[in-house]
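No letters, just coordinates:
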């Protein structure tokens, strides 16, 4: 099997690791600063990292996300973050994004994604109804 493709057991493992990360993040986000004290050395390391000779394990990737990405990111899910453009995420949004990413639908034409197109039309119609228009 191609090393870049997950077999079913690796998919399950990645799902468990992701679920644990999401739960830990939501529990801890209010203890984090809203705006990070950027670790410039970590950012420099990302910007200068050579192309790896081998891929990282799932555990290494998730640990790097926890250790480097999260602490150097603005915590828009923080209760004290006052959104100005994007809404604060909630617990279900990460799972919804995972589902959308799994299907990776192209919504340009109905025939390319009938279900996604129907859902989009219905959600847009709900917004239309909120405005008081039939």
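Perfect, thanks for sending it. Bear in mind the structure is a predicted one, so any value in this text is a computation, not a measurement.

give me the number of residues near residue 10?
12 (other Cβ atoms under 10 Å). C-betas here are computed from N, CA, C, even on glycine.

pretty sure it contacts residue 57?
No: here residue 10 lies out of contact with residue 57, judged by Cβ atoms under 8 Å, at a distance of 10.2 Å.

Which pLDDT value goes with residue 23?
Residue 23 carries a pLDDT value of 92.

List the residues that contact it.
For residue 23, the contact set (Cβ atoms under 8 Å, 6 or more residues apart in numbering) is empty.

name the element it belongs to?
Following DSSP states H and E, one finds residue 23 within helix 8-28.

Could you list the domains of this protein?
8-103, 106-134 (automatic domain parsing).

averaging pLDDT over each of those, which comes out lowest?
Checking each of those, the one with the poorest mean pLDDT is domain 106-134, at a mean of 87.

who's in contact with the spatially most central residue of the chain?
The chain has residue 94 as the residue nearest its centroid, 5.4 Å off, counting by Cα atoms, centre = their mean. By Cβ under 8 Å, 6+ apart, residue 94 lies in contact with residue 22.
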